[in-house]
Each structure stands twice: as structure tokens, then as C-alpha cells.
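Undergrad: my questions concern the predicted model and sequence given below.
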Amino acid sequence: MADLFASDDMLTGAEPVSDAAPLADRLRPRTLAEVVGQEHLTGPDGAIGRMVAAGRLSSIILWGPPGTGKTTTARLLADAVGMRFEPISAVFSGVADLKKVFAAAKEHGRRGDKTLLFVDEIHRFNRAQQDGFLPFVENGTVTLVGATTENPSFELNAALLSRAQVLILRRLDAAALEQLLDRAEAVTGRPLPLDADAREALVASADGDGRFLLNQVETLYAIDIAEPLDPAGLSALLHRRVAVYDKDREGHYNLISALHKSLRGSDPQAALYYMARMLVAGEQPLYVLRRLVRFAAEDIGLADPQALVQCLAAKEAYDFLGSPEGEVAIVQACLYCATAPKSNAAYMAMKASFKSARDTGSLMPPQNILNAPTKLMKDVGYGKGYQYDHNAADGFSGANYWPDDMTPQRFYAPTDRGYEARIAERIAYWERLRAERGAG
């Protein structure tokens, strides 16, 4: 059963298994020290390194992108502490499979053999299934090592997280990927048929995924290439790894957060980069436009009232032109928002006024500003004493508009940035007139 459910999350390596085996298998590490790119965990000061040194393993969740060595690390960890390795995949197994695993672990436990249960894609188990692990983890039947590409905070039960330490595996950087290329050349005895620039392009194309890189290398070795390829030749021969981007998961929210904060920080270059990341990965342009519209209202507001107009115009332009021409309008809106003066005064005013409305309930407005469409309403004072502002000096009466039982509030505090500086001057002017005329 272990082979049936085992993951193919292979990478890094040391010595060959057999010449006929896939390159990833031939380069599979035999010790934790041979796993590249995760030294922050496997080194002497890392969490895994300390567990191995102590000879005691607690339940852990390995969280990281594809191709970073989660399965390999778990397998080598079991070897390092002398535990029986039992792998399953949440994609292919269910309750019946788990019961068999737990029963086998109990039997081995009676003989003194401890079991490391490795659950690949653990986030794919539902909440009830995740709860099913708890008693067997607590009584020591198994030590759980789960692997996930998704944020455990969102995908795993709090009860399970409280019993396991989350360890983050990093996306493999260029240096780690270069180590894999060096090992591939050493185990095959053949240099890669690439010039220096193409080699660099190959590393970049892997996007931090060691398994993908080794698959690309194996393809290169399988083809008879007479002369080293340049980047153009490599691009024509191999495909680039599709960027990791799940529209309903963390990658989506990370990038939109980065876009929003780059806009707020007035960095047009970074904002364009994150927006391009989303669109290139297949995000719906209208989603990006909705976020730009929200940003224009929330983070620019009246500091530049044209920002909202620009974003809505970009939406109309995209609807009219479609893709790819319509993306230029999205870029223009993005740049406008990034370079506009910023103010969240309108957003803060909304929050404050909504809170006040909830807190004060059903206070009646002052009678002088109420309409009186019937004789009865006029008789009881509706509209009495209303001052028509257009008939007042400066077009401003300075009358009171607040409920009689409520102190006037200040929700909107314009900044001194952009157009809001002029609004602030106008509000100050009205406040001075109101004070002079004794209404406020």
C-alpha cells in the first residue's frame, strides 16, 4: 500500500540507482544533508536538524511549493530517527485506508517499531477526516508528517495544527537549482548541451521547482543535440513551467495583496509587476479591474477624484476592446492609481459614520430640515425656520443639521494631499462661517 500511495515529490540527489531509472530517482538524496535548498530546516540549527540530533520526532506539517522535497525530506527523516515510513496520499485514500494504516501501526508498535505516517496533500482530507488523526497522534500510535502546498492556517483544522509544528520549505533558489544541474552532470557523466546563458534560462524556467528542472534536464539528455543551445534554441525545444497560481487559494490572495500594497506605497513599477504576474497566470482581467476600482475609492478617494473615473473607464475600455488590446487600459489605470496622491480619508469617514449610525439608532433629524407635505406636519413644526442656503450670504446659511440629541460629529478629515487640500480649505472656511453665525 505504501508504494500505491507514495508521492513522486523527488528532487536533489547523490549517487545513481541504475542507468535505466529516471534521473530524479537516480539523484534522490540518501541523507538529509543531501537535500538542497532547505538548510534552514535540515541544518544543525534547523527544526529538523535538532529533532534528528535529539532522536525524537514530533508531528509536523511540511508546507511548501511543489518540487521542494517534502516527500523526500519526510522519508529521510524517518530513516534518520529509525522509524517505519508509511506514506499515503489524501488524493487516493479514504477512511478505510487510514484504518488499515492505524491498525498496522498499532501492531508494529507492539513489537517496538514506531511509525512515521506521511500524508501527502493532507489539506485534501476534509475536516472530519483530519479529526480522525487526532487520537492516534495523541496516543503515539503514529507520528504524523503531513505535506501541503496550501496555507495550513486555512486548510487544516485548528485541533490538528495545535498538535503539529508547521515547517516551511522554501522555493528553490537559483543556487539550489544549480546544485541539481551539477549533480545531474556528475551522475550522467555528460555536460548539459547548453551555453552559459541557456543554462541560466533553464534554471529560471523551473520557477523554483526542482522536480520540474530535472525532468527538463532528462529531456535534454534524451535528445541528440550536436551543438550547445543558446536561450532561443532552448526555448524552442522546451516549455517553461507554468507559474503556480490557484485562483481560489493563497497564491491568488498573496499577489492581490502585493498589488494593493504596492499601489498604496506609490510604487508603479512593483504594482505593474504584480498585476502582470496575475494576468500572465490567467487571472480574469475584470477581477483585477474590480480591485483597482476598490483601491481608487479606498486609498485615493478625493485626493484625486479622477482615479475612480480612470478605473471605471478602463473597465469600459476592456469590455469594448477585449484581450489583449484591453489590457493597455488596465495598465493605464494601474499606473494612474500608483502615481496619484493617496488618502484613505473617505474610507475612514465611511467606517466612522456607519458606526455612529449603528450606535445612535433612530434619532430624529431637527425639525427645521424636515419636509412638510401636509398641513398637520406644518402645524407640528416640520420645516419651521428652515434657511434656504442659496438665499444666504455666500450661499451658506450655517444652520444646524444634526439631531437635537446628538453632538455634531467629525467623520471626514481630508488630508493635505492632492485635491483634498482644497477640500480641507473649503471645509475650514465653512466651519469659520458657521462659528461666526452662531449655529455650530
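TA: Received it, and whenever you're ready, just let me know what you need.

Undergrad: please tell me how far the residue nearest the centre of the chain sits from His260.
TA: Central residue of the chain (C-alpha atoms, centre = their mean): Asn254, 2.3 Å from the mean position. Taking C-beta to C-beta, to the nearest Å as the measure, Asn254 falls 11 Å from His260. Backbone N, C-alpha and C define where each C-beta goes, glycine included.

Undergrad: residues making contact with the helix or strand the residue nearest to the centre of the chain falls within?
TA: Using DSSP states H and E, Asn254 sits in helix 250-264. Residues from elsewhere that reach helix 250-264, judged by C-beta atoms under 8 Å, 6 or more residues apart in numbering: 150-151, 154, 244-246, 270-271, 273-275, 277-278, 283, 288, 291-292, 295, 299, 334, 337-338, 342.

Undergrad: neighbour count says what about these? Which are buried?
TA: Among those, those classed as buried by 16 or more other C-beta atoms under 10 Å are 150-151, 244-245, 270-271, 274-275, 277-278, 283, 288, 291-292, 295, 299, 334, 337-338, 342.

Undergrad: please state the offset of the next helix or strand after the helix holding Asn254 from the chain centre?
TA: Sequence-wise, the next helix or strand downstream of helix 250-264 (DSSP H and E) is helix 268-280. Chain-centre distance of helix 268-280: 14 Å, with C-alpha atoms, centre = their mean, to the nearest Å.

Undergrad: helix 268-280 vs helix 250-264, what angle?
TA: 150 degrees (axes from the mean of the first three to the mean of the last three C-alpha atoms, to 10 degrees).

Undergrad: report all helices and strands that helix 268-280 contacts.
TA: Packing partners of helix 268-280 (3 or more C-beta pairs under 8 Å, 6 or more residues apart in numbering; DSSP states H and E): helix 250-264, helix 285-295, helix 327-339.

Undergrad: looking at those, which is closest to Arg358?
TA: helix 285-295 (22.5 Å; C-beta to C-beta).

Undergrad: just the CA atoms of that closest one, as CSV, please.
TA: The C-alpha trace of helix 285-295 is given here as CSV (Å, rounded to 0.1, in the frame of the first residue of the first chain):
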residue,chain,number,x,y,z
PRO,A,285,-8.8,40.9,-16.0
LEU,A,286,-12.2,42.0,-14.6
TYR,A,287,-11.2,40.8,-11.2
VAL,A,288,-8.0,43.0,-11.4
LEU,A,289,-10.2,45.9,-12.5
ARG,A,290,-12.6,45.4,-9.6
ARG,A,291,-9.6,45.6,-7.2
LEU,A,292,-8.3,48.8,-8.9
VAL,A,293,-11.8,50.4,-8.6
ARG,A,294,-11.8,49.5,-4.9
PHE,A,295,-8.3,50.9,-4.5
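
Undergrad: shaky segments in this protein?
TA: In the prediction, the chain carries residues with pLDDT under 70 at positions 1-20, 239-250, 438-440.

Undergrad: show me it divided up by domain.
TA: 2-168, 174-237, 250-339, 365-436 (automatic domain parsing).

Undergrad: roughly how far does the residue nearest to the centre of the chain sit from Lys355?
TA: Look at Asn254 and Lys355: by C-beta to C-beta, they are 30 Å apart.

Undergrad: count of residues packed around the nearest residue to Gly43 once chain neighbours are set aside?
TA: Setting aside the residues directly before and after it, Gly43 is nearest to Gly49 in space (C-beta to C-beta, 6 or more residues apart in numbering), at 5.1 Å. Around Gly49 there are 18 other residues, counting by other C-beta atoms under 10 Å.

Undergrad: got the contact list for Gly49?
TA: Counting by C-beta under 8 Å, 6+ apart, Gly49 touches 32, 41-43.

Undergrad: take these and keep only those in strands.
TA: Counting by DSSP state E, the contacts of Gly49 place none of their members in strands.

Undergrad: dump the residues you listed into a markdown table; add neighbour count and distance to Asp379 as well.
TA: A markdown table is the format used below for the contacts of Gly49 (neighbours: other C-beta atoms under 10 Å; distance: C-beta to C-beta, whole Å):
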| residue | neighbour count | distance to Asp379 |
| --- | --- | --- |
| Leu32 | 23 | 89 |
| Leu41 | 25 | 81 |
| Thr42 | 25 | 86 |
| Gly43 | 14 | 86 |
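
Undergrad: would a markdown table of the residues you listed with distance to Arg183 be doable?
TA: As requested, these are exported to a markdown table (distance: C-beta to C-beta, whole Å):
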| residue | distance to Arg183 |
| --- | --- |
| Leu32 | 16 |
| Leu41 | 20 |
| Thr42 | 16 |
| Gly43 | 19 |
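
Undergrad: looking at these, which is nearest Glu138?
TA: The nearest one, if we look at the contacts of Gly49 relative to Glu138 and count by C-beta to C-beta, is Leu41, at 24.7 Å.

Undergrad: how about the closest residue to the closest one other than its chain neighbours, secondary structure?
TA: Closest residue to Leu41 apart from its sequence neighbours, by C-beta to C-beta, 6+ apart: Ile48 at 4.6 Å. Recorded secondary structure, Ile48: helix (DSSP: H, G, I helix; E, B strand; the rest coil).

Undergrad: show me the helices in the stretch 101-250 of the chain, by range?
TA: Using DSSP state H, counting those that start in this stretch, the helices of the stretch 101-250 of the chain run over residues 127-131, 134-138, 152-155, 158-161, 174-188, 196-205, 210-222, 231-237, 250-264.

Undergrad: which among those is found nearest to Gln310?
TA: Across the helices of the stretch 101-250 of the chain, Gln310 has its closest neighbour in helix 250-264 (12.6 Å, C-beta to C-beta).

Undergrad: check the offset of the closest one from the chain's centre.
TA: That offset, for helix 250-264, works out to 7 Å (C-alpha atoms, centre = their mean).

Undergrad: with just CA atoms, put it into PDB.
TA: Only the C-alpha atoms of helix 250-264 are listed here, as PDB (Å, rounded to 0.1, in the frame of the first residue of the first chain):
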ATOM      1  CA  GLU A 250      -3.200  31.600  -1.200                       C
ATOM      2  CA  GLY A 251      -1.200  32.400  -4.400                       C
ATOM      3  CA  HIS A 252      -4.100  34.500  -5.600                       C
ATOM      4  CA  TYR A 253      -4.500  36.400  -2.300                       C
ATOM      5  CA  ASN A 254      -0.800  36.900  -1.900                       C
ATOM      6  CA  LEU A 255      -0.400  38.600  -5.300                       C
ATOM      7  CA  ILE A 256      -3.500  40.800  -5.000                       C
ATOM      8  CA  SER A 257      -2.300  41.900  -1.600                       C
ATOM      9  CA  ALA A 258       1.100  42.700  -3.000                       C
ATOM     10  CA  LEU A 259      -0.500  44.600  -5.900                       C
ATOM     11  CA  HIS A 260      -2.700  46.600  -3.500                       C
ATOM     12  CA  LYS A 261       0.100  47.500  -1.100                       C
ATOM     13  CA  SER A 262       2.400  48.400  -4.000                       C
ATOM     14  CA  LEU A 263      -0.200  50.800  -5.300                       C
ATOM     15  CA  ARG A 264      -0.700  52.200  -1.700                       C
END
